[in-house]
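*Asks:* I would like the atomic coordinates for the input below:
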Amino acid sequence: MDLVVDEELFAIETISCRSQFLMNKYPEGPSNPVIHPVTNVRNNEDVDMELGNKRRYTLYSDEDKTRFFHLFFSKCLNASAAARQLGIHIRAAQRWVKRYYKDPESIFEKKKKPGRRRILGEEHKQILLNYIDENPSAVVAEMAEISKQNFVDLNVSRGTTYNFMTTECNLSMKQAQFQPVERNTEE
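*Replies:* Sure, this is the predicted structure:
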């Protein structure tokens, strides 16, 4: 059995050599870059900057949600297609569907207000208004003390009492202006 050593199984031709490749290759950068002189001249005019577009918070009514779920269930559309037809933001619609699958009754509930609950409420308002009706010349410190006396576990400052009285009770607080008694009067 004779072995053939130099015979190749596949016919391979040289398509190009390295020199042909380098000649046909696109240049990576400009061969003669243009250098522009830099000037440090500043314009005295103000530049108007464009602010980024902030997305507005959109409140959707219960009617919008009802129309969305009608399309979602009766027409068998997915959330994004139904939202596009109604002009609802897609992410909001997807959030509604997620809430629906968790709890079907929760989609029409309004979210509770975020933040800390108010310290002073309606019962405090009634007590403060009754005290002011009895003592019109009462000061804020007295009002805070009355609140602390009537409600044992309440710890409220004068500033909080003042803000509550001006915003919730619609009272205007004024400092008393004392007039000195004239000295050489005949009385």
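
*Asks:* show me where this protein has helices.
*Replies:* Per DSSP state H, the chain carries helices over the ranges 18-24, 62-74, 79-86, 90-102, 122-134, 140-150, 158-167.

*Asks:* weakest of the ones you listed by average pLDDT?
*Replies:* Comparing mean pLDDT across these, the lowest value falls on helix 18-24: a mean of 74.

*Asks:* roughly how far does the residue most central in space within the chain sit from R91?
*Replies:* Centre of the chain computed as the mean C-alpha position; nearest residue by Cα atoms, centre = their mean is Y57, 8.1 Å away. Distance check for Y57 against R91: by Cβ to Cβ, to the nearest Å, it reads 13 Å. Every C-beta, even on glycine, is put in place using the N, C-alpha and C of the backbone.

*Asks:* and stretch 125-145, which residues are buried?
*Replies:* Using 16 or more other Cβ atoms under 10 Å as the burial criterion, the residues of stretch 125-145 that qualify are 127-128, 131-132, 140, 143-144.

*Asks:* so which residues make contact with stretch 146-153?
*Replies:* Residues lying outside stretch 146-153 but in contact with it, judged by Cβ atoms under 8 Å, 6 or more residues apart in numbering, are 120, 124, 127-128, 131, 154-156, 161.

*Asks:* who's in contact with A82?
*Replies:* Applying Cβ under 8 Å, 6+ apart to A82 gives the contacts 68, 71-72, 75, 88, 93.

*Asks:* same thing but at 7 Å, please
*Replies:* By Cβ atoms under 7 Å, 6 or more residues apart in numbering, the residues touching A82 are 68, 71-72, 93.

*Asks:* what's the closest non-adjacent residue to it?
*Replies:* The shortest distance from A82 to any non-neighbouring residue, by Cβ to Cβ, 6 or more residues apart in numbering, is to L71 (3.9 Å).

*Asks:* pretty sure the one you found contacts S80?
*Replies:* No. The pair L71 / S80 is not scored as a contact, 11.3 Å apart, by Cβ atoms under 7 Å.

*Asks:* more neighbours, the two?
*Replies:* Set L71 next to S80 and count neighbours by other Cβ atoms under 10 Å: L71 wins out with 18 against 14.

*Asks:* domain map for the chain?
*Replies:* Per automatic domain parsing, the domain ranges recorded for the chain read 62-108, 122-167.

*Asks:* so what's the gap between the last one and the chain middle?
*Replies:* With Cα atoms, centre = their mean, to the nearest Å as the basis, the distance from the averaged C-alpha position of domain 122-167 to the chain average is 34 Å.

*Asks:* re earlier: redo the helices of the chain as a markdown table? Include distance to E109.
*Replies:* A markdown table is the format used below for the helices of the chain (distance: least, Cβ to Cβ, whole Å):
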| stretch | distance to E109 |
| --- | --- |
| helix 18-24 | 69 |
| helix 62-74 | 10 |
| helix 79-86 | 19 |
| helix 90-102 | 9 |
| helix 122-134 | 23 |
| helix 140-150 | 33 |
| helix 158-167 | 28 |
